[in-house]
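A.B. asks: Could you look at this predicted model? Sequence included:
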Amino acid sequence: MGTIVFIGLFILATAAGMCWIHLLNAQHDARIAAHHFSDPLPRPPGLPDDTGRRAHRTDAGG
């Protein structure tokens, strides 16, 4: 009988932990989504234009 109670409490504690972790992850994702990153710093004078892969990136994603 004690084993059955232990297994039941173990499953209940595991489910509660999973729900708590899921809630914390959702709060963390919302905090990241709400954070507004600053604009990039301007390029110092005298450096060539960026012709790397990032320069050809579009807003469409891809």
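C.D. replies: It's in.

A.B. asks: From S38, how far out is P44?
C.D. replies: 17 Å (C-beta to C-beta, to the nearest Å). Glycine gets a C-beta too; all of them are placed from N, C-alpha and C.

A.B. asks: oh sorry, the question was meant for M18
C.D. replies: Counting by C-beta to C-beta - M18 and S38 are separated by 36 Å.

A.B. asks: Who has more neighbours out of those two?
C.D. replies: Neighbours were counted for M18 and for S38 using other C-beta atoms under 10 Å; M18 has more, 10 against 5.

A.B. asks: What strand or helix carries that one?
C.D. replies: Using DSSP states H and E, the element containing M18 is helix 2-34.

A.B. asks: quick check, distance from that helix to the centre of its chain.
C.D. replies: Relative to its chain's centre, helix 2-34 lies at 18 Å (C-alpha atoms, centre = their mean, to the nearest Å).

A.B. asks: try stretch 41-51
C.D. replies: 31 Å.

A.B. asks: And for stretch 29-41?
C.D. replies: For stretch 29-41, the distance to the chain centre is 12 Å (C-alpha atoms, centre = their mean).
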